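*Asks:* Would you be able to build a 3D model of this:
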Amino acid sequence: MAAGKNGPGFTSTDEVNQHMQKLEPSLVKVVEAIRQCILSVSNEIGERIKWNNPSFYYTGEMKPFDPKEYKREIAVFNLFKGRVMLVFPSGAKVKDAAGLLEGDYKDGRRVVVFKGFEEVKQKEAALRVVVAEWLALVEK
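*Replies:* Below is the predicted model:
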C-alpha cells in the first residue's frame, strides 16, 4: 500500500472513508451510492479528498499537461448545506445524450444534483455512461 499523509499504509480510499464518517447521516447513503457507482466504471478510477471533498480521478498514464488544466480530475463532490452535487470540471467535453449534466459554465464544468437516494438510483445508468464517456476522451 502507498504511504499517505496520515502514515504508512494509509491510502486515499482510507482518507475518503474517514471523510465519509464526518458527513451528515442523511448524506452518507446518497454519497456512498454515487461513490460506488463511479468507482465501478473502471479500475483506472481512483478516489481522494481534493477541494475538501471526495473526488474521483483518472489513475492511468496520460500525455503531459499543465496541472492547472485538471485533465486528470473526473468529478468532485460539493456537499454544502445538505445538498449533494457532483461537479465534473471538464464535463462540457462529454457527450451526454441522457442530459444528466447541467449548467453552461464558461470554464467547462458541468454538475449533477442529487436530491436523494432514489434519484441516485434513477440517474445511475446515465452517470455510468457519462463517466465512461469521460474516460474515452483521456489523452493517453
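*Asks:* so what secondary structure elements neighbour the longest strand seen in the chain?
*Replies:* Criterion DSSP state E: the longest strand present in the chain is strand 73-80. Judged by 3 or more CB pairs under 8 Å, 6 or more residues apart in numbering; DSSP states H and E, strand 73-80 is in contact with helix 25-39, strand 45-50, strand 53-58, strand 83-88, helix 117-136. Every C-beta, even on glycine, is put in place using the N, C-alpha and C of the backbone.
*Asks:* export these to JSON lines and tack on mean neighbour count?
*Replies:* JSON lines is the format used below for the helices and strands packed on strand 73-80 (neighbours: other CB atoms under 10 Å):
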{"stretch": "helix 25-39", "mean neighbour count": "16"}
{"stretch": "strand 45-50", "mean neighbour count": "18"}
{"stretch": "strand 53-58", "mean neighbour count": "21"}
{"stretch": "strand 83-88", "mean neighbour count": "20"}
{"stretch": "helix 117-136", "mean neighbour count": "16"}
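*Asks:* Show the low-confidence segments of this protein, by residue range.
*Replies:* For the chain, applying pLDDT under 70 flags the ranges 1-10, 70.
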